[in-house]
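Asker: have a look at this prediction, sequence included:
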Amino acid sequence: MILVRGSGGGTDLTGTVFERGEEPPAYKGAPDEDAPYVWVCDSFYEVESGGSPLVVDGEEIRVAFEEPMPRGFDTRDQAVEAARDHVRTQFARIGVDPDEVEVEVSAADPA
């Protein structure tokens, strides 16, 4: 398991790249279960009302979440690059400059 964590605007977002032999969660529209690498992460966007509260740059906004949409990849590099792009895109959707988002990639602790 590879964790991809983005930090920006005083908040964080973490998604997971499941590697060959690991069982990713199953969702409607999940990629071919034989994909060697599967990226899974929340998607969200800012809404005027409803949603869930989130503090960004010291200001509370409201966000709505979309159903996670796993994506399959042939290589680790493809999966990690797509994960980085996805994380930066989510921050941009809530008004955080994607160039200001710090992205960290690390192996998950197996314990």
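Answerer: Thanks, I have it. Residues are numbered from 1 along each chain as shown.
Asker: got the phi/psi numbers for the residue in the chain sticking out farthest from the centre?
Answerer: Summary for the chain: using C-alpha atoms, centre = their mean, the residue whose C-alpha lies farthest from the chain's mean C-alpha position is residue 49, with a distance of 23.0 Å. Taking degrees, to the nearest 10, you get phi -140, psi 170 for the backbone angles of residue 49.
Asker: so which helix or strand takes in the nearest residue to it once chain neighbours are set aside?
Answerer: Distances taken as C-beta to C-beta, 6 or more residues apart in numbering put residue 62 closest to residue 49, at 6.6 Å, once the chain neighbours are dropped. Just so you know, the C-beta spots here come from the backbone N, C-alpha and C atoms, and that holds for glycine as well. With the criterion set as DSSP states H and E, the secondary-structure element containing residue 62 is strand 59-66.
Asker: how about stretch 35-47 as PDB, C-alpha atoms only?
Answerer: Coordinates of each C-alpha in stretch 35-47 appear next as PDB, following Å, rounded to 0.1, in the frame of the first residue of the first chain:
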ATOM      1  CA  ALA A  35      -4.900  -4.000 -12.500                       C
ATOM      2  CA  PRO A  36      -1.500  -4.100 -10.800                       C
ATOM      3  CA  TYR A  37      -2.000  -0.700  -9.200                       C
ATOM      4  CA  VAL A  38      -5.300   0.800  -8.000                       C
ATOM      5  CA  TRP A  39      -5.700   4.400  -6.800                       C
ATOM      6  CA  VAL A  40      -8.600   5.200  -4.400                       C
ATOM      7  CA  CYS A  41      -9.300   8.600  -2.900                       C
ATOM      8  CA  ASP A  42     -12.200  10.900  -2.100                       C
ATOM      9  CA  SER A  43     -13.300  13.600  -4.400                       C
ATOM     10  CA  PHE A  44     -15.000  16.700  -3.100                       C
ATOM     11  CA  TYR A  45     -16.000  20.200  -4.100                       C
ATOM     12  CA  GLU A  46     -17.200  23.400  -2.300                       C
ATOM     13  CA  VAL A  47     -20.900  23.900  -2.000                       C
END
